[in-house]
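Peer 1: Using only what follows, build the 3D model:
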Amino acid sequence: MDFASLIFKSLSLYWFVIPLFILPLVLKSAWFKGAFGEFLVNFLLKKFLPQEQYTLIKNVTLPTENGTTQIDHIVVSQFGVFVIETKNMKGWIFGHAKQKQWTQKIFKYTGKFQNPLHQNYKHTQTLASCLNIPSDLIYSVIVFIGDSTFKTTMPENVTYARGCVEYIKTKNERHFTVEQVTEIVSVIEAGRLSRGLKTNLAHNQHVKTIIQSKQPTDIVIDEKENSEPVCPKCGSAMALREAKKGKNAGNQFWGCTNFPQCRKVIGVN
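Peer 2: Reported below is the predicted structural model:
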């Protein structure tokens, strides 16, 4: 029996073991964490918001002047339009509404990431322009999913999972008629790019192009750009960290938030 036949026979006998090795890798991947976070928020919105009053539209990619912007969830109601950004993160979270960057601390590691309120600002403004409605009728909502804890007082629209539903329900003044809600939903559906892998890849490439066009010293994203640094190796967001030991102690660098699964770093001069 040659080697190839032996391998084939072994695989045919123990094929059921292979998924046991692959599954842990999938569960720890940035893709799965992001997909699970959006799934959980989608479930909460559908479960606890009355469908006769609130219309949920998910995974919306809209064209902009310089590319695209991607929105996790949009909830349309007579009480306003809610733009929801999901963050699947762990550790301690520090931040204030006006800070450009917030801090994530996991044991000895400290990292910086873009203020998600600033990130979601572009989403709300793009949507206001598409719908031609006042931006103050479009509410930004940030939802943290995962094993994270706020260590500073957060604005009321920055919440954990179930909190997003509670925040939405605090807006109880009617701004739109039923007919206007229907029209808003129709405009969003008509203006969004077609859903699918092609659109997602194009959007991801747009974000990576922005990051790659910057020098390492300029990799901190301005709030007007609203695009998080992306790891060129695995596609996860990158966080600004500070070396604690060794000859580079005190120096800052960009590290992948998918650490330790991904150890890609980018130096900051």
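Peer 1: Let me see the mean pLDDT of the helix or strand containing residue 238.
Peer 2: Per DSSP states H and E: residue 238 is located in strand 238-242. The pLDDT scores in strand 238-242 average 77.
Peer 1: What is it packed up against?
Peer 2: Taking 3 or more Cβ pairs under 8 Å, 6 or more residues apart in numbering; DSSP states H and E as contact, the helices and strands that strand 238-242 lies on are strand 109-114, strand 252-256. For glycine as for every other residue, the C-beta is placed from the backbone atoms N, C-alpha and C.
Peer 1: Could you check the shortest one and say which residues are buried?
Peer 2: Right, strand 252-256. Of all the residues in strand 252-256, those buried under the rule 16 or more other Cβ atoms under 10 Å are 253-256.
Peer 1: Next: stretch 98-113.
Peer 2: Under the neighbour-count rule (16+ other Cβ under 10 Å), stretch 98-113 has 99, 101-104, 106, 109-113 buried.
Peer 1: ditto for stretch 46-66
Peer 2: Buried residues in stretch 46-66, defined by neighbour count with 16+ other Cβ under 10 Å: 49, 54-62.
Peer 1: just for the chain, where's the confidence low?
Peer 2: Counting by pLDDT under 70, the chain contains low-confidence ranges at 1-37, 194-236, 260-261, 268-269.
Peer 1: could you pull out the strands for it?
Peer 2: For the chain, strands defined by DSSP state E occupy the ranges 54-64, 67-77, 80-88, 91-94, 101-106, 109-114, 138-145, 148-150, 158-160, 238-242, 252-256, 265-267.
Peer 1: Can you add distance to residue 43 and give those strands back as TSV?
Peer 2: Formatted as TSV, the strands of the chain follow (distance: least, Cβ to Cβ, whole Å):
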stretch	distance to residue 43
strand 54-64	11
strand 67-77	11
strand 80-88	12
strand 91-94	23
strand 101-106	25
strand 109-114	25
strand 138-145	11
strand 148-150	19
strand 158-160	14
strand 238-242	28
strand 252-256	28
strand 265-267	35
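Peer 1: Looking at the ones you listed, spot the one closest to residue 121.
Peer 2: strand 138-145 (6.9 Å; Cβ to Cβ).
Peer 1: May I have the closest one as CSV, with CA atoms only?
Peer 2: C-alpha atoms of strand 138-145 as CSV (Å, rounded to 0.1, in the frame of the first residue of the first chain):
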residue,chain,number,x,y,z
ILE,A,138,-31.2,59.4,13.3
TYR,A,139,-29.9,58.0,16.6
SER,A,140,-26.5,56.3,17.0
VAL,A,141,-26.4,53.2,19.1
ILE,A,142,-23.2,51.3,20.1
VAL,A,143,-23.6,47.8,21.4
PHE,A,144,-20.7,45.9,23.1
ILE,A,145,-21.0,42.1,22.8
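Peer 1: For it, which strands pair with it and how are they oriented?
Peer 2: According to DSSP bridges, strand 138-145 forms sheet pairs with strand 80-88 (parallel), strand 158-160 (parallel).
Peer 1: so which of these is the most packed in?
Peer 2: With neighbours taken as mean count of other Cβ atoms under 10 Å, those reach their highest mean count in strand 80-88, at a mean of 23.
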